[in-house]
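Colleague: pasting the structure only:
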């Protein structure tokens, strides 16, 4: 595991080659994200801090998904990590290239019993302005059959004050209802109306997703975290349809280090367990040779 660094316009980033994982993003010397502080901590994968999520995000029920008539089971990464969580690239070693203010990463997974297609994932981090970081993901199906693909990112943004005083501005129509395993309920029961007319308060047990997010004229959705004197705005090109694009929100409760000192605001293209929801899985299918992309921008105001 190696860590690459880049600086530009007064900002600095550090990224691990394991999982193409953002370790640090500083604006005018101020840390914005809560990333892993060492290789040893990253190897635990506790909290999936700033992890790239592909070819699916979030959970698959019991780590099993239905591929036509065949049931496929994702192998456990370790005894501590639940089966089927957050895709197949989060610990894979990526090749990398460096340029002024930009780091680019590439890795592949081979066809296997649990994932029946060879895939390539490209990830780039670009210091776009002195306070804006852009992340691009491109996932390519290198096989001769279609597979369901959905991308996401799991960033933690540091708080500038108590969690109870932080607020989140976002315009969305529905919360996602889940069962005790954090899997969305079947059918329309998975959604309940959300009132986001006023900024949302963030509880210490927050672990939920908002969907039906309003998009601007260019197809970007956004959320703004207000904490102390700091504001962090995350934008992403997500489908605004209910059940597709979502922001998963997590307070960090239960983390091995510094739970409640940062908030995860995770842009994801599809719901948890989407591979097992026929109405969503059909939309996720990526044809041979095709590419699925996810663009994200984060801006910090100090």
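Modeller: Yep, that arrived. Note that the coordinates shown come from a computational prediction; the quantities given were computed from them, not determined experimentally.

Colleague: Measure how buried residue 188 is and give me the count.
Modeller: Using other CB atoms under 10 Å, residue 188 has 10 other residues around it. Just so you know, the C-beta spots here come from the backbone N, C-alpha and C atoms, and that holds for glycine as well.

Colleague: oh, and call the first residue 864 from now on, that's how I've got it
Modeller: Got it, first residue is 864 now, which makes that one residue 1051.

Colleague: Can you report phi and psi for it?
Modeller: Backbone geometry at residue 1051, expressed as degrees, to the nearest 10, gives phi -70, psi -20.

Colleague: mind listing the helices for this protein?
Modeller: Counting by DSSP state H, the chain has these helices, from start to end: 902-907, 1141-1147.

Colleague: how near is the closest residue to residue 1129 other than its chain neighbours to residue 1041?
Modeller: Distances taken as CB to CB, 6 or more residues apart in numbering place residue 1111 nearest to residue 1129, at 4.1 Å, with adjacent residues excluded. Applying CB to CB, to the nearest Å, the value for residue 1111 to residue 1041 is 11 Å.

Colleague: ok, those two, which is more surrounded?
Modeller: Neighbour totals were compared for residue 1111 and residue 1041, and residue 1111 leads with 24 against 18 (other CB under 10 Å).

Colleague: Could you pull up the residues touching that one?
Modeller: Contacts for residue 1111 (CB atoms under 8 Å, 6 or more residues apart in numbering) come out as 920, 921, 1015, 1071, 1072, 1127, 1128, 1129, 1131, 1135.

Colleague: Check whether the second one really touches residue 1127, as I assumed.
Modeller: No - shown here, residue 921 and residue 1127 do not form a contact pair, counting by CB atoms under 8 Å, at 11.4 Å.

Colleague: Neighbour count for the two, which is higher?
Modeller: A direct count of neighbours by other CB under 10 Å for residue 921 and residue 1127 places residue 921 higher, at 26 against 23.

Colleague: how close does the nearest residue to the more buried one once chain neighbours are set aside get to residue 1056?
Modeller: Nearest non-adjacent residue to residue 921, counting by CB to CB, 6+ apart: residue 1135, 3.7 Å away. Separation of residue 1135 from residue 1056 (CB to CB) stands at 20 Å.

Colleague: quick one: which of these two has more around it?
Modeller: Taking other CB under 10 Å, residue 1135 and residue 1056 do not tie; residue 1135 has more neighbours (26 against 10).

Colleague: quick one: the more buried one and residue 1036, what's the gap?
Modeller: Taking CB to CB as the measure, residue 1135 and residue 1036 are separated by 18 Å.

Colleague: didn't residue 959 look like it was pressed against residue 970?
Modeller: No - with contact defined as CB under 8 Å, residue 959 does not count as touching residue 970 (9.7 Å).

Colleague: which residues do these two both contact?
Modeller: Here residue 959 and residue 970 share the contacting residues residue 883, scored by CB under 8 Å, 6+ apart.

Colleague: So which of the two has more stuff around it?
Modeller: Remark: of residue 959 and residue 970, residue 970 carries more neighbours, 22 against 18, as counted by other CB under 10 Å.

Colleague: That one contacts residue 953, doesn't it?
Modeller: No - using CB under 8 Å, residue 970 is not in contact with residue 953; the gap is 10.6 Å.

Colleague: so where's the stretch 1014-1163 of the chain shaky on pLDDT?
Modeller: Applying pLDDT under 70 to the stretch 1014-1163 of the chain picks out no residues at all.
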